[in-house]
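[1] Quick check, what structure comes out for this input:
(one chain, ligands or ions: 1)
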Amino acid sequence: MKNALVTGGSRGIGLGIARELGVSGYRVAIVATRPEEACPETTRTLNEAGVDYAWITADVSRQGDRQRIVDEVYSLFGELHVLVNNAGVMAKERCDILDMTEDSYDYVMSINTKAPMFLTQLVARRMMEQPLQGAKRGTIVNIASLNSAVSSIRRGEYCVSKAGVSMITQLYADRLAPERIYVYEIRPGIIKTDMNLKVRALYTEQIENGLLPIGRWGMPEDIGKAVRALCSDDFCYSTGTVIDVDGGFHIRRL
Ligand SMILES: NC(=O)c1ccc[n+]([C@@H]2O[C@H](COP(=O)([O-])OP(=O)(O)OC[C@H]3O[C@@H](n4cnc5c(N)ncnc54)[C@H](OP(=O)(O)O)[C@@H]3O)[C@@H](O)[C@H]2O)c1
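    Below you'll find the predicted structure:
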(Lines give C-alpha, C1' and ligand atoms only; values in the text may rest on other atoms or scores of the structure.)
Protein backbone atom coordinates (compact mmCIF):
# COMPACT_ATOMS: atom_id res chain seq x y z
CA MET A 1 0.00 0.00 0.00
CA LYS A 2 1.31 3.44 -0.93
CA ASN A 3 0.27 6.64 0.76
CA ALA A 4 -0.01 10.18 -0.57
CA LEU A 5 -0.51 13.62 0.94
CA VAL A 6 -2.23 16.17 -1.30
CA THR A 7 -2.52 19.75 -0.06
CA GLY A 8 -5.56 21.63 -1.33
CA GLY A 9 -7.32 18.36 -2.13
CA SER A 10 -10.82 19.60 -1.30
CA ARG A 11 -11.58 20.87 -4.81
CA GLY A 12 -10.18 21.81 -8.19
CA ILE A 13 -6.82 20.44 -9.25
CA GLY A 14 -6.04 18.97 -5.83
CA LEU A 15 -9.24 16.94 -5.89
CA GLY A 16 -8.40 15.76 -9.42
CA ILE A 17 -5.00 14.60 -8.13
CA ALA A 18 -6.42 12.95 -5.00
CA ARG A 19 -8.98 11.11 -7.09
CA GLU A 20 -6.46 9.86 -9.68
CA LEU A 21 -4.04 8.68 -6.99
CA GLY A 22 -6.90 7.13 -5.03
CA VAL A 23 -8.22 5.09 -7.95
CA SER A 24 -4.66 3.88 -8.59
CA GLY A 25 -4.56 2.38 -5.10
CA TYR A 26 -3.01 5.11 -2.95
CA ARG A 27 -4.41 5.99 0.44
CA VAL A 28 -4.72 9.74 0.30
CA ALA A 29 -4.52 12.37 3.04
CA ILE A 30 -6.26 15.53 1.91
CA VAL A 31 -5.41 18.89 3.45
CA ALA A 32 -7.75 21.87 3.19
CA THR A 33 -8.65 24.90 5.26
CA ARG A 34 -12.30 23.88 5.27
CA PRO A 35 -13.47 20.85 7.23
CA GLU A 36 -14.84 17.89 5.30
CA GLU A 37 -18.41 18.65 6.46
CA ALA A 38 -18.22 21.87 4.44
CA CYS A 39 -17.36 19.96 1.24
CA PRO A 40 -20.15 17.38 0.66
CA GLU A 41 -19.55 17.27 -3.11
CA THR A 42 -15.93 16.31 -2.52
CA THR A 43 -16.96 13.54 -0.14
CA ARG A 44 -19.37 12.25 -2.79
CA THR A 45 -16.75 12.36 -5.55
CA LEU A 46 -14.18 10.48 -3.49
CA ASN A 47 -16.66 7.89 -2.21
CA GLU A 48 -18.10 7.25 -5.66
CA ALA A 49 -14.57 6.62 -6.93
CA GLY A 50 -13.87 4.29 -4.00
CA VAL A 51 -10.95 6.38 -2.72
CA ASP A 52 -9.53 5.48 0.71
CA TYR A 53 -8.84 8.91 2.20
CA ALA A 54 -8.36 10.90 5.37
CA TRP A 55 -9.07 14.61 5.80
CA ILE A 56 -6.82 17.02 7.67
CA THR A 57 -8.16 20.51 8.24
CA ALA A 58 -5.18 22.83 8.34
CA ASP A 59 -3.70 26.03 6.98
CA VAL A 60 -0.44 25.21 5.20
CA SER A 61 0.83 28.75 5.69
CA ARG A 62 1.06 28.18 9.46
CA GLN A 63 4.15 26.52 10.87
CA GLY A 64 2.27 24.71 13.66
CA ASP A 65 -0.30 23.37 11.19
CA ARG A 66 2.44 22.04 8.88
CA GLN A 67 3.99 20.11 11.75
CA ARG A 68 0.56 18.77 12.74
CA ILE A 69 -0.15 17.66 9.15
CA VAL A 70 3.05 15.62 9.04
CA ASP A 71 2.51 14.17 12.52
CA GLU A 72 -1.08 13.18 11.66
CA VAL A 73 -0.12 11.65 8.31
CA TYR A 74 2.61 9.53 9.85
CA SER A 75 0.41 8.47 12.72
CA LEU A 76 -2.36 7.50 10.28
CA PHE A 77 -0.23 5.84 7.59
CA GLY A 78 3.16 5.01 9.14
CA GLU A 79 4.90 5.89 5.89
CA LEU A 80 4.39 8.51 3.19
CA HIS A 81 5.41 7.89 -0.42
CA VAL A 82 4.03 10.92 -2.23
CA LEU A 83 3.73 14.58 -1.30
CA VAL A 84 1.87 16.85 -3.69
CA ASN A 85 2.31 20.54 -2.88
CA ASN A 86 -0.82 21.79 -4.60
CA ALA A 87 -2.62 24.22 -2.25
CA GLY A 88 -2.47 27.69 -3.68
CA VAL A 89 -4.26 30.98 -3.95
CA MET A 90 -4.63 33.76 -6.49
CA ALA A 91 -3.75 37.40 -5.77
CA LYS A 92 -6.35 38.99 -3.50
CA GLU A 93 -7.25 41.32 -6.35
CA ARG A 94 -6.11 41.11 -9.97
CA CYS A 95 -4.73 44.60 -10.55
CA ASP A 96 -1.83 46.45 -12.16
CA ILE A 97 1.49 45.53 -10.52
CA LEU A 98 1.89 49.24 -9.75
CA ASP A 99 -1.11 48.94 -7.43
CA MET A 100 -0.20 45.59 -5.84
CA THR A 101 -0.35 45.68 -2.04
CA GLU A 102 2.19 44.22 0.36
CA ASP A 103 -0.69 42.51 2.13
CA SER A 104 -1.63 40.57 -1.02
CA TYR A 105 2.04 39.81 -1.76
CA ASP A 106 2.61 38.36 1.75
CA TYR A 107 -0.65 36.39 1.61
CA VAL A 108 0.15 34.75 -1.73
CA MET A 109 3.80 34.07 -0.92
CA SER A 110 3.00 32.52 2.46
CA ILE A 111 0.62 29.94 0.95
CA ASN A 112 2.06 29.36 -2.52
CA THR A 113 5.80 29.47 -1.77
CA LYS A 114 6.72 29.44 1.90
CA ALA A 115 4.33 26.55 2.65
CA PRO A 116 5.77 24.11 0.05
CA MET A 117 9.32 25.08 1.03
CA PHE A 118 8.81 24.16 4.68
CA LEU A 119 6.25 21.36 4.32
CA THR A 120 8.68 19.63 1.97
CA GLN A 121 11.44 20.07 4.52
CA LEU A 122 9.37 18.35 7.22
CA VAL A 123 8.24 15.54 4.93
CA ALA A 124 11.67 14.95 3.40
CA ARG A 125 13.25 14.43 6.82
CA ARG A 126 10.73 11.68 7.52
CA MET A 127 10.83 10.13 4.03
CA MET A 128 14.61 9.81 4.24
CA GLU A 129 14.21 7.44 7.18
CA GLN A 130 11.90 5.10 5.27
CA PRO A 131 13.03 1.97 3.44
CA LEU A 132 13.12 1.99 -0.35
CA GLN A 133 9.84 1.00 -1.95
CA GLY A 134 10.55 -0.12 -5.46
CA ALA A 135 13.12 2.17 -7.02
CA LYS A 136 12.72 5.12 -4.65
CA ARG A 137 11.88 6.31 -1.16
CA GLY A 138 9.38 8.91 -2.24
CA THR A 139 8.11 11.35 -4.82
CA ILE A 140 7.40 15.03 -4.34
CA VAL A 141 5.38 16.90 -6.95
CA ASN A 142 5.06 20.68 -6.85
CA ILE A 143 2.13 22.28 -8.65
CA ALA A 144 3.60 25.47 -10.06
CA SER A 145 2.00 27.32 -12.99
CA LEU A 146 2.58 28.61 -16.47
CA ASN A 147 3.17 31.82 -14.48
CA SER A 148 6.47 30.38 -13.20
CA ALA A 149 7.82 31.68 -16.50
CA VAL A 150 5.10 33.84 -18.05
CA SER A 151 4.48 37.44 -17.01
CA SER A 152 0.91 38.42 -16.07
CA ILE A 153 1.14 41.96 -14.84
CA ARG A 154 -2.29 41.90 -13.20
CA ARG A 155 -1.22 39.14 -10.80
CA GLY A 156 2.46 39.86 -10.25
CA GLU A 157 2.60 38.43 -6.73
CA TYR A 158 1.19 35.14 -8.05
CA CYS A 159 3.88 35.02 -10.77
CA VAL A 160 6.65 35.65 -8.22
CA SER A 161 5.24 32.98 -5.94
CA LYS A 162 5.24 30.38 -8.72
CA ALA A 163 8.73 31.29 -9.94
CA GLY A 164 9.75 30.60 -6.34
CA VAL A 165 8.05 27.20 -6.45
CA SER A 166 10.15 26.35 -9.52
CA MET A 167 13.38 27.04 -7.63
CA ILE A 168 12.06 25.00 -4.69
CA THR A 169 11.69 22.11 -7.14
CA GLN A 170 15.29 22.48 -8.31
CA LEU A 171 16.70 22.78 -4.79
CA TYR A 172 14.94 19.76 -3.33
CA ALA A 173 15.50 17.67 -6.46
CA ASP A 174 19.23 18.34 -6.07
CA ARG A 175 19.31 17.75 -2.31
CA LEU A 176 17.10 14.67 -2.21
CA ALA A 177 18.27 12.70 -5.26
CA PRO A 178 20.97 10.87 -3.24
CA GLU A 179 18.22 9.86 -0.81
CA ARG A 180 16.24 8.45 -3.75
CA ILE A 181 13.45 10.93 -3.28
CA TYR A 182 12.61 12.46 -6.65
CA VAL A 183 11.07 15.86 -7.11
CA TYR A 184 9.01 17.05 -10.08
CA GLU A 185 7.10 20.09 -11.08
CA ILE A 186 3.91 20.39 -13.04
CA ARG A 187 3.04 23.69 -14.66
CA PRO A 188 -0.69 23.69 -15.29
CA GLY A 189 -2.08 25.96 -17.96
CA ILE A 190 -5.67 27.18 -17.87
CA ILE A 191 -7.53 24.62 -15.79
CA LYS A 192 -11.26 24.88 -15.10
CA THR A 193 -11.50 25.46 -11.32
CA ASP A 194 -12.83 28.00 -8.83
CA MET A 195 -9.55 29.89 -9.10
CA ASN A 196 -10.45 31.37 -12.48
CA LEU A 197 -14.24 31.68 -12.09
CA LYS A 198 -14.02 35.45 -12.42
CA VAL A 199 -12.19 35.24 -15.77
CA ARG A 200 -13.99 32.18 -17.14
CA ALA A 201 -15.68 34.05 -20.00
CA LEU A 202 -12.49 35.86 -20.99
CA TYR A 203 -10.41 32.67 -21.10
CA THR A 204 -13.15 30.78 -22.94
CA GLU A 205 -13.13 33.45 -25.63
CA GLN A 206 -9.33 33.39 -25.87
CA ILE A 207 -9.28 29.60 -26.16
CA GLU A 208 -11.95 29.71 -28.86
CA ASN A 209 -9.79 32.27 -30.68
CA GLY A 210 -6.81 29.92 -30.84
CA LEU A 211 -4.79 30.71 -27.69
CA LEU A 212 -3.93 27.04 -27.17
CA PRO A 213 -2.70 24.42 -29.68
CA ILE A 214 -4.93 21.90 -27.87
CA GLY A 215 -8.00 24.07 -28.04
CA ARG A 216 -9.91 23.33 -24.87
CA TRP A 217 -9.91 24.12 -21.15
CA GLY A 218 -7.66 21.91 -19.05
CA MET A 219 -9.47 19.80 -16.47
CA PRO A 220 -8.33 18.76 -12.97
CA GLU A 221 -7.99 15.14 -14.12
CA ASP A 222 -5.45 16.22 -16.77
CA ILE A 223 -3.18 17.25 -13.91
CA GLY A 224 -4.12 14.22 -11.79
CA LYS A 225 -3.07 11.82 -14.52
CA ALA A 226 0.28 13.55 -14.98
CA VAL A 227 0.93 13.39 -11.22
CA ARG A 228 0.06 9.70 -11.18
CA ALA A 229 2.54 9.01 -13.97
CA LEU A 230 5.34 10.89 -12.20
CA CYS A 231 4.69 8.98 -8.98
CA SER A 232 5.07 5.63 -10.71
CA ASP A 233 8.44 3.94 -11.07
CA ASP A 234 8.63 5.01 -14.73
CA PHE A 235 10.64 8.23 -14.24
CA CYS A 236 13.44 6.99 -12.02
CA TYR A 237 16.25 8.57 -14.04
CA SER A 238 14.57 11.97 -13.91
CA THR A 239 14.37 14.51 -11.12
CA GLY A 240 13.87 18.27 -11.07
CA THR A 241 11.89 17.77 -14.27
CA VAL A 242 9.22 20.25 -15.30
CA ILE A 243 6.13 19.02 -17.14
CA ASP A 244 3.88 21.55 -18.85
CA VAL A 245 0.26 20.40 -18.70
CA ASP A 246 -1.08 23.37 -20.57
CA GLY A 247 -2.54 22.36 -23.92
CA GLY A 248 0.71 23.41 -25.60
CA PHE A 249 0.52 27.00 -24.33
CA HIS A 250 4.30 27.14 -23.71
CA ILE A 251 5.11 26.67 -27.41
CA ARG A 252 6.27 29.96 -28.93
CA ARG A 253 4.24 30.54 -32.06
CA LEU A 254 4.37 32.94 -34.94
N1 LIG B 1 -6.69 26.63 -12.09
C2 LIG B 1 -5.67 26.97 -12.86
O3 LIG B 1 -5.87 27.36 -14.02
C4 LIG B 1 -4.26 26.85 -12.38
C5 LIG B 1 -3.24 27.10 -13.30
C6 LIG B 1 -1.93 26.99 -12.88
C7 LIG B 1 -1.65 26.61 -11.58
N8 LIG B 1 -2.65 26.38 -10.70
C9 LIG B 1 -2.27 25.98 -9.33
O10 LIG B 1 -2.89 24.75 -9.01
C11 LIG B 1 -3.11 24.70 -7.59
C12 LIG B 1 -4.57 24.39 -7.32
O13 LIG B 1 -5.34 25.42 -7.91
P14 LIG B 1 -6.92 25.29 -8.16
O15 LIG B 1 -7.19 26.00 -9.43
O16 LIG B 1 -7.36 23.88 -7.98
O17 LIG B 1 -7.46 26.21 -6.97
P18 LIG B 1 -8.84 26.18 -6.15
O19 LIG B 1 -9.90 25.51 -6.92
O20 LIG B 1 -9.04 27.60 -5.71
O21 LIG B 1 -8.48 25.26 -4.86
C22 LIG B 1 -7.50 25.68 -3.97
C23 LIG B 1 -7.25 24.59 -2.97
O24 LIG B 1 -6.19 25.01 -2.08
C25 LIG B 1 -6.67 24.94 -0.75
N26 LIG B 1 -6.04 25.98 0.05
C27 LIG B 1 -5.98 27.31 -0.22
N28 LIG B 1 -5.29 27.93 0.76
C29 LIG B 1 -4.92 26.99 1.64
C30 LIG B 1 -4.22 27.02 2.85
N31 LIG B 1 -3.75 28.16 3.38
N32 LIG B 1 -4.01 25.84 3.52
C33 LIG B 1 -4.49 24.68 3.03
N34 LIG B 1 -5.18 24.59 1.88
C35 LIG B 1 -5.39 25.74 1.20
C36 LIG B 1 -8.19 25.13 -0.86
O37 LIG B 1 -8.80 24.63 0.30
P38 LIG B 1 -10.30 25.13 0.74
O39 LIG B 1 -11.26 24.36 -0.13
O40 LIG B 1 -10.37 24.77 2.17
O41 LIG B 1 -10.35 26.61 0.49
C42 LIG B 1 -8.45 24.29 -2.10
O43 LIG B 1 -8.46 22.92 -1.79
C44 LIG B 1 -2.67 26.06 -7.04
O45 LIG B 1 -1.37 25.98 -6.54
C46 LIG B 1 -2.71 26.95 -8.26
O47 LIG B 1 -1.84 28.05 -8.14
C48 LIG B 1 -3.97 26.50 -11.07
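[2] what residues does the protein put near the ligand?
    7-8, 10-14, 31-34, 59-61, 86-89, 111, 143, 145, 188, 190-191, 193-196 (CB under 6 Å from any ligand atom). Glycine gets a C-beta too; all of them are placed from N, C-alpha and C.
[3] Which neighbouring elements make contact with the helix or strand hosting V6?
    Assigned by DSSP states H and E, V6 falls within strand 2-7. Other elements packing on strand 2-7 under the criterion 3 or more CB pairs under 8 Å, 6 or more residues apart in numbering; DSSP states H and E are helix 12-23, strand 26-32, helix 63-77, strand 82-85, helix 115-127.
[4] Would you mind pulling up the elements that the first one packs against?
    This means helix 12-23. Packed next to helix 12-23, using 3+ CB pairs under 8 Å, 6+ apart, are strand 2-7, strand 26-32, helix 40-48, strand 82-85, strand 138-143, helix 220-231.
[5] do the same with the last one
    Based on contacts counted as 3+ CB pairs under 8 Å, 6+ apart, the elements that helix 115-127 packs against are strand 2-7, helix 63-77, strand 82-85, strand 138-143, helix 156-176.
[6] That helix: which residues count as buried?
    Buried residues in helix 115-127, defined by neighbour count with 16 or more other CB atoms under 10 Å: A115, P116, M117, F118, L119, T120, L122, V123, A124, R126, M127.
[7] quick revisit: CSV for the helices and strands packed on helix 115-127, including mean neighbour count?
    Shown next, in CSV, are the helices and strands packed on helix 115-127 (neighbours: other CB atoms under 10 Å):
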stretch, mean neighbour count
strand 2-7, 27
helix 63-77, 16
strand 82-85, 28
strand 138-143, 26
helix 156-176, 20
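[8] Switch those over to a markdown table; also include mean pLDDT and distance to S104.
    Shown next, in a markdown table, are the helices and strands packed on helix 115-127 (pLDDT from 0 to 100; distance: least, CB to CB, whole Å):
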| stretch | mean pLDDT | distance to S104 |
| --- | --- | --- |
| strand 2-7 | 98 | 21 |
| helix 63-77 | 98 | 21 |
| strand 82-85 | 99 | 21 |
| strand 138-143 | 99 | 20 |
| helix 156-176 | 99 | 6 |
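[9] Nearest to the ligand within the stretch 51-200 of the chain, name that residue for me.
    Relative to the ligand, the nearest point of the stretch 51-200 of the chain is G88 (2.2 Å; CB to the nearest ligand atom).
[10] Would you quantify the distance from that residue to G25?
    Distance of G88 to G25, given as CB to CB, to the nearest Å: 26 Å.
[11] what do you get for T139?
    15 Å.
[12] so who does the residue most central in space within the chain touch?
    The centroid of the chain falls nearest to N86 when counting by CA atoms, centre = their mean (2.1 Å). Contact partners of N86, counting by CB atoms under 8 Å, 6 or more residues apart in numbering, are V6, T7, G8, G9, I13, G14, I17, I143.
[13] Alright, calling it a day.
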